[in-house]
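A.B. asks: I'll drop the sequence and a predicted model, then ask my questions.
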Amino acid sequence: MSEERLRIAIQKSGRLSEGSFDLLKSCGLKVSRGKDKLYGRVHELPIDVLLLRDDDIPSFVADDACDVGIVGQNVFEEDRLNLEQEHAAEAVMALGFARCKLMLAAPKEWTFDSPEMLEGKRIATSYPGLTRLWLKEHGVKARPVMMKGSVEVAPRLKIADAVCDIVSTGATLDANGLKPVATVFESQAALIRRRAPFSAEKQATFEALLKRINGVITSRDAKYVMMNAPRSAVAAITEYLPGADAPTILELAGASDKVAIHAVCRESVFWDHLEELKNLGASAILVLPIEKMMP
Ligand code: PRT
Ligand code: ZN
């Protein structure tokens, strides 16, 4: 029955959309888009996809127009702070992409680099709720000035003295003669859902989706690491392997003092790690990607 399909809202185009489509794809879900491009359908699970502006996603999920959504934590938290009552949607899990920071920034020529420099100033921002909360927590009395876009030009236009804006590389602040002075909120994409219980069918689809997303996220940085090592170094190597459960130790043909160690590392494995493993006595180290993992 079509009304029992789980409806997921994702950003139509922008900084969240590629990551959202990639995540669904990694979950083995192919989205066929409708003619109007505002709607897509997944065949592998009973899921419909609605393509929206990111700002509309929290309220669409809250209002029952969608069941779940993928949105920046910055947008969801701001939406939550601007409501009098509890939000009808809740965050389920962080998704590890579209990372950015909401930062207070001031003109470069201001000499003093601490947040107190903002006392009594006007701060242009699209995030007045998060900005106000930070100012309150830090005992700084300043006035947020709401701007929907082009926040970074506000000081030059004398609309405000400073800004509170999303920063990723910092290039935009720099190009506008601004310097970051404090981090107000750290953000990444998150999965949100309506708090109200789903029907049994939707709940089953939601759980299947969650299981796949969890599998994708846990296997994203995970690597299968293999090496040979002196039997005496096994304990030190096991302790050193990043995010590994108990490794598998295998006999090596014709060598009594050496073994093969196989382990799943759940955290990123860097060149530095390999150097250290070599220092601990490991040789023939292989690091292999893991395509799928079901915890
Ligand atoms: O059209 P729609 O309303 O859907 O999209 P949008 O234009 O409102 O949002 P979009 O696509 O720009 O961003 C969606 C989400 O991506 C944001 O809510 C954040 O959670 C996240 N994100 C990650 C970012 C950035 N990085 C980012 N760099 N959102 C915005 N920016 C902007 C920022 O506002 C500033 O103008 O990029 C500029 C700064 O970038 P740097 O690299 O110069 O520091
Ligand atoms: Zn937006």
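C.D. replies: That came through fine. Ligands and ions are numbered 1, 2, ... in the order given.
A.B. asks: could you work out the end-to-end span of stretch 55-75 for me?
C.D. replies: 7 Å (C-alpha to C-alpha, to the nearest Å).
A.B. asks: is that stretch positioned near ligand 2?
C.D. replies: Yes: legend: contact between stretch 55-75 and ligand 2 by C-beta under 5 Å from the ion is shown at D55. Heads up, the C-betas are built off the backbone N, CA and C, glycines and all.
A.B. asks: tell me the SS of V225?
C.D. replies: Classification of V225 by DSSP: H, G, I helix; E, B strand; the rest coil places it in strand.
A.B. asks: quick check, K158 in a helix?
C.D. replies: No: counting by three-state DSSP, K158 is not part of a helix but coil.
A.B. asks: what's the local residue count around it?
C.D. replies: For K158, the count of nearby residues is 8 (other C-beta atoms under 10 Å).
A.B. asks: can you check the pLDDT for it?
C.D. replies: According to the prediction, K158 has pLDDT 95.
A.B. asks: can you tell me the helix or strand for the closest residue in space to P107 that isn't next to it in sequence?
C.D. replies: Counting by C-beta to C-beta, 6 or more residues apart in numbering, P155 is the residue found nearest to P107 once chain neighbours are left out, at 5.5 Å. For P155, there is no host helix or strand (DSSP states H and E).
A.B. asks: residues contacting P155?
C.D. replies: Applying C-beta atoms under 8 Å, 6 or more residues apart in numbering to P155 gives the contacts A106, P107, A124, D161, A162, V163, N176, G177, L178.
A.B. asks: now it. Its backbone dihedrals?
C.D. replies: When read as degrees, to the nearest 10, the backbone of P155 gives phi -60, psi -40.
A.B. asks: from ligand 1, how far out is it?
C.D. replies: 14 Å (C-beta to the nearest ligand atom, to the nearest Å).
A.B. asks: next one: D54
C.D. replies: Distance from D54 to ligand 1, by C-beta to the nearest ligand atom: 4 Å.
A.B. asks: what's the span of stretch 13-21, first residue to last?
C.D. replies: 10 Å.
A.B. asks: do it and ligand 2 meet?
C.D. replies: No: using C-beta under 5 Å from the ion, stretch 13-21 stays clear of ligand 2, coming no nearer than 6.8 Å.
A.B. asks: list the contacts of that stretch.
C.D. replies: By C-beta under 8 Å, 6+ apart, stretch 13-21 touches 10-11, 31, 51, 53-54, 70-72, 95, 97-98, 189.
A.B. asks: ok, back up a step: list just the nearest of the contacts of P155 to A208.
C.D. replies: Among the contacts of P155, V163 lies closest to A208 (C-beta to C-beta), at 42.7 Å.
A.B. asks: let me know how buried L102 is, in neighbour terms.
C.D. replies: There are 25 residues near L102, going by other C-beta under 10 Å.
A.B. asks: one more: S268?
C.D. replies: 12.
A.B. asks: and for E119?
C.D. replies: E119, neighbours per other C-beta under 10 Å, totals 11.
A.B. asks: okay but it is in contact with K141, surely?
C.D. replies: Yes: between E119 and K141 a contact is recorded at 6.0 Å, counting by C-beta atoms under 8 Å.
A.B. asks: just the helices in the stretch 1-150 of the chain please.
C.D. replies: 17-26, 57-62, 73-81, 128-137 (DSSP state H, counting those that start in this stretch).
A.B. asks: returning to what we had before: separate out the buried members of the contacts of stretch 13-21.
C.D. replies: For the contacts of stretch 13-21, a burial check counting by 16 or more other C-beta atoms under 10 Å picks out I10, Q11, V31, L51, D54, I70, V71, G72, L95, F97, A98, A189.
A.B. asks: tabulate those residues (a markdown table), appending pLDDT and distance to H262.
C.D. replies: Putting the buried ones among the contacts of stretch 13-21 into a markdown table (pLDDT from 0 to 100; distance: C-beta to C-beta, whole Å) gives the following:
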| residue | pLDDT | distance to H262 |
| --- | --- | --- |
| I10 | 98 | 38 |
| Q11 | 97 | 40 |
| V31 | 93 | 36 |
| L51 | 96 | 43 |
| D54 | 97 | 42 |
| I70 | 98 | 35 |
| V71 | 98 | 39 |
| G72 | 98 | 39 |
| L95 | 97 | 29 |
| F97 | 95 | 30 |
| A98 | 97 | 34 |
| A189 | 98 | 33 |
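A.B. asks: among those, which one lies nearest to ligand 1?
C.D. replies: Nearest to ligand 1 out of these is G72 (C-beta to the nearest ligand atom; 2.3 Å).
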